Structures are given as C-alpha cells and as structure tokens.
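S.K.: need coordinates for the below:
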Amino acid sequence: MAFQGDEPGPSISLSHSRDWFACAMSTAGTIGVDVEVARPGRDWRGIAHAAFGPREIARSTTEHEFYRIWTLREALAKAHGRGLDHVADGTDRAHLGPREGTWPTVFGGETLLLHHHVPHPGVFLSVAILGLETTQIAEAVRNLHITVTDADGAEDAMIERKGEQT
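M.R.: Next up is the predicted model:
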C-alpha cells in the first residue's frame with residue numbers, strides 16, 4: 001500500500017496480553033485494538049461494577065460477555081487516544097451489538113465500526129474504528145485488517161480478517 005503527497009497513511013493499533021499479540025490497520029478511520037487472555041480467579045464481576053455503565057453491567061452475566069465489553073472499551077479508548085480513565089468511567093459504550101461479529105453503531109453523534117471475536121478459547125479480541133461517515137462503513141469492513149498470533153507465531157494460532165463480515 002503506497003501513500004503519496006497529502007494522502008493520510010493507515011491508522012495502526014497494537015495490543016498484547018500474556019503470549020498473544022494483535023495488530024489492526026485501517027485506512028478508513030482511526031483504529032484501536034485490544035486482545036485479552038482470560039485470567040483464572042480474576043474478579044471480573046467486581047471490575048465490571050467498578051468500570052462499566054449500567055447497561056454493560058446488566059449484559060456482563062458471563063465471563064465471555066465481560067471480556068467482550070472490556071476489550072471493546074479498551075479498543076475505543078485507544079482509537080480515541082485515551083487511557084484507562086476512558087475505559088473505567090462508568091459510561092455505557094459497548095452494551096449493544098452481537099456476541100461476536102462486526103457492526104456499525106453511533107455513540108455521541110459519531111459513527112463507529114466495532115468488531116469482536118474469540119480467535120482461540122480464552123482469548124478475546126476487539127477493534128474499534130472511529131471517524132467514519134455512514135457511507136464508509138462497507139469500505140471499512142472490506143479494508144479491516146486484523147492479525148492475532150501467539151508468542152510462538154504458530155500458523156494455526158494466526159487469524160487474519162480482511163473484510164470478512166462475521
């Protein structure tokens with residue numbers, strides 16, 4: 001992919017958790033990615049009550065739903081260029097959408113594209129793309145590139161999404 005003149009380059013985001021690494025790239029808007037490995041014994045219910053909005057807390061009835069919301073919140077914070085204050089502010093941001101897949105949504109008047117999936121049991125991955133016009137959503141889905149791999153780089157552990165709508 002070559003960029004010339006005043007053309008903006010791609011937005012790139014990185015994340016890691018334990019032995020897992022994720023990289024996401026978009027040319028459609030500002031991107032954020034988060035990957036989390038579930039931790040045995042983690043008080044995910046307590047974290048949800050301390051960090052999530054009321055509708056997110058209501059949805060966090062399972063560990064899977066907790067990590068779905070947590071990784072979406074982190075991906076949104078990264079795309080906004082914010083830190084944990086944005087992740088744990090108690091504002092509902094990730095309560096809508098499917099358990100897994102890619103979907104558009106609007107938050108605070110801004111059109112977003114969100115993506116969540118489980119690339120390996122106990123590994124949760126989310127992506128957020130900001131700054132989209134409604135007409136750019138299909139293009140953003142087609143041009144979304146996400147790579148997730150474990151520390152060994154094992155081929156069977158690598159997932160690439162290139163415009164797949166799940």
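S.K.: quick check: residue 148 touching residue 117?
M.R.: No. The pair residue 148 / residue 117 is not scored as a contact, 9.0 Å apart, by Cβ atoms under 8 Å. C-betas here are computed from N, CA, C, even on glycine.
S.K.: I'd like the mean pLDDT over stretch 143-152, please.
M.R.: Summarised as a single mean, pLDDT over stretch 143-152 is 74.
S.K.: how long is stretch 75-93 from one end to the other?
M.R.: End-to-end span of stretch 75-93 (Cα to Cα, to the nearest Å): 11 Å.
S.K.: show me the beta-bridge partners of the nearest residue to residue 81 once chain neighbours are set aside.
M.R.: Closest residue to residue 81 apart from its sequence neighbours, by Cβ to Cβ, 6 or more residues apart in numbering: residue 30 at 7.9 Å. For residue 30, the beta-bridge partners are residue 130 (DSSP bridges).
S.K.: which stretches in this structure count as strands?
M.R.: 11-17, 20-26, 30-37, 101-107, 110-120, 123-132, 145-150, 159-162 (DSSP state E).
S.K.: pick the most buried one from those strands.
M.R.: strand 123-132 (a mean of 26; mean count of other Cβ atoms under 10 Å).
S.K.: that one: how far from the chain's middle?
M.R.: Averaging C-alpha positions (Cα atoms, centre = their mean, to the nearest Å) puts strand 123-132 3 Å from its chain's average.
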